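Novice: Build the 3D model from these lines:
(one chain, ligands or ions: 1)
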Amino acid sequence: VDDLTRLLSDLVAIPSVNPMGRGLSGPGFLEGGMSDYLERWFSVLGVPFERRPVAPGRDNLIARYDAPGSRTTLLFDAHQDTVPTDGMTILPFLPTIDAGRLYGRGSCDIKGGMTAMLVAFARLVRERPAGSASVIMACTVDEEFTHTGSMQLAASRPGVDLAIVSEPTRLDIVNYHKGAVRWKVRARGVACHSSTPHLGFNAIYRMARVVTLLAEYATLLAQGEAHPVLGPPSLSVGRIEGGLSVNVVPDWCEVEIDRRVIPGEDRLAAVEDAKAYLIAGLGDDAADWLEFIPPWVNMPSLSPCGESCKIWVERVQNAIALGIGGTPAVAGVPYGTDAGPLNAAGLPSLVFGPGDIAQAHTKDEWVELDQVRMAAEAYYQMGRTLGSEC
Ligand SMILES: [Zn+2]
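Specialist: Just a heads-up that it's a prediction; the model follows:
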């Protein structure tokens, strides 16, 4: 096996499952094992790097390649975490190669892309090609749930000219995508014995009215102003929980709401708008029993970059063409990425990587090794050719 395949196999064999807010812990969860491996890997490569704590057991790994005389710095970003392994039909952490595909959790999202970036980064460090860009290689945490890793990275003002975020884009450039805001609404009631329900207030009945209104609201949103490619904004109630036992009138019920925003929409205004719709529909007494819990996911969309960034799109397209022998398409996608938080902090950001999002998060996740090799070549060409000013 070649170095690239060995590196990807190593990364897939290290579990780095994001608990996705479920309070799961133990070996296999969080990014610690990946960070340890990356720390050794950057040490062996002999580059300066930092391990920056984001949360207990979760560290961003940030390494640098300083190109002599470079006028630009690129940020390469790939996340260390994967989604959980529930329902998988293959052994998630036993990388297996079959017909040019490498199977395993994270192979497609995004250990394949991280491998390609690391291989390109190492080659830049070893070859130090004349005129190359400096590169900050960031391996972030918690992309799959709340993006805390990339938010911390963005807040640190990394001093780069352009961010390239690795996600499975089938070697095309993604320059805009939706964002998301997720929050809970809680209905309170008054508990009592279920044999005398008239003595209490049933929180589940109250929530039933809330959910009906949210469904109406979602329909209105779907008919509202749409993005030409990404379509209209959306709202979905994805979880409901409440009550203690069947013989108790419940005093609480909660729903979780996922609101996807299109570029240009304000996320907190979207939450306020939904809130106003509920209050108007429920009547004034709702203020006494309905509680809005602040969002726990607040992920910016990626806006198509303005004039200053259009030049970057062209230059990156040319670099990729040098690497893979064909000019990549430029498109938008519905899913969110680390490019959202980076772009919201004022960094021109583009998404590019090997593999197809259709294979990400699946029960038999895989990536085509040829795509990973081509991506490595493309990332290398970005580093090699983007060293001069725009
Ligand atoms: Zn991903």
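Novice: Who are the packing partners of the lowest-mean-pLDDT helix or strand in the chain?
Specialist: Across the helices and strands of the chain, mean confidence by mean pLDDT, DSSP states H and E is lowest for helix 307-324: a mean of 91. Where contact means 3 or more Cβ pairs under 8 Å, 6 or more residues apart in numbering; DSSP states H and E, helix 307-324 is packed against strand 162-165, strand 173-177, strand 349-351, helix 369-385. Where C-beta positions appear, they are placed from N, C-alpha and C, glycine not excepted.
Novice: now the angle between strand 173-177 and that helix, please.
Specialist: Interaxial angle of helix 307-324 relative to strand 173-177 (axes from the mean of the first three to the mean of the last three Cα atoms, to 10 degrees): 140 degrees.
Novice: so what secondary structure elements neighbour the longest helix anywhere in the chain?
Specialist: Scanning the chain for the longest helix, with DSSP state H as the assignment, gives helix 203-223. Secondary-structure packing of helix 203-223 (3+ Cβ pairs under 8 Å, 6+ apart): strand 179-188, strand 234-242, strand 252-261, helix 267-282.
Novice: What residues of that helix count as buried?
Specialist: For helix 203-223, a neighbour-count test (16 or more other Cβ atoms under 10 Å) marks Ala203, Ile204, Arg206, Met207, Arg209, Val210, Val211, Leu213, Leu214, Tyr217, Ala218, Leu221 as buried.
Novice: Got the confidence number for the residue of the stretch 151-300 of the chain found nearest the ion?
Specialist: For the stretch 151-300 of the chain and the ion, the shortest gap (Cβ to the ion) falls at Glu167, measuring 4.9 Å. Glu167 carries a pLDDT value of 98.
Novice: Could you look up the SS state of it?
Specialist: coil (DSSP: H, G, I helix; E, B strand; the rest coil).
Novice: before we move on, the earlier item: output the helices and strands packed on helix 203-223 as JSON lines; include the columns distance to the ion.
Specialist: Output for these, formatted as JSON lines (distance: least, Cβ to the ion, whole Å):
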{"stretch": "strand 179-188", "distance to the ion": "14"}
{"stretch": "strand 234-242", "distance to the ion": "20"}
{"stretch": "strand 252-261", "distance to the ion": "17"}
{"stretch": "helix 267-282", "distance to the ion": "20"}
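Novice: Surely Met151 forms part of a helix?
Specialist: Yes - assessed by three-state DSSP, Met151 belongs to a helix.
Novice: ok, and the closest non-adjacent residue to it?
Specialist: Spatially, and ignoring its direct neighbours in sequence, Met151 is nearest to Pro341 (4.8 Å; Cβ to Cβ, 6 or more residues apart in numbering).
Novice: Could you give the number of residues near Leu282?
Specialist: By other Cβ atoms under 10 Å, the residues close to Leu282 number 17.
Novice: wait, isn't it in contact with Arg209?
Specialist: Yes - with contact defined as Cβ atoms under 8 Å, Leu282 reaches Arg209; the gap is 6.3 Å.
Novice: which residues do these two both contact?
Specialist: Common contacts of Leu282 and Arg209 (Cβ atoms under 8 Å, 6 or more residues apart in numbering): none found.
Novice: what sits against the single nearest residue of the stretch 201-350 of the chain relative to the ion?
Specialist: Proximity to the ion, evaluated over the stretch 201-350 of the chain using Cβ to the ion, is greatest for Thr337 at 6.7 Å. Taking Cβ under 8 Å, 6+ apart as the criterion, Thr337 is in contact with Glu143, Val165, Glu167, Val174, His177, Leu302, Val351.
Novice: can you name the two of these that are farthest apart?
Specialist: Glu143 and Val174 (14.7 Å; Cβ to Cβ).
Novice: More neighbours: which of the two?
Specialist: More neighbours surround Glu143 than the other of Glu143 and Val174, with 28 against 25 (other Cβ under 10 Å).
Novice: how about the residues of the protein that lie near the ion?
Specialist: Applying Cβ under 5 Å from the ion, we find that the chain lies next to the ion at Asp109, Ile110, Glu167.
Novice: okay if I get those as TSV plus neighbour count?
Specialist: Shown next, in TSV, are those (neighbours: other Cβ atoms under 10 Å):
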residue	neighbour count
Asp109	28
Ile110	31
Glu167	27
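Novice: Please, where are all the strands along the stretch 51-200 of the chain?
Specialist: With strands called from DSSP state E, counting those that start in this stretch, the stretch 51-200 of the chain shows them at 58-65, 73-79, 96-98, 101-103, 134-140, 162-165, 173-177, 179-188, 192-193.
Novice: nearest to Arg239, of these?
Specialist: Of all these, it is strand 179-188 that lies closest to Arg239, at 8.7 Å by Cβ to Cβ.
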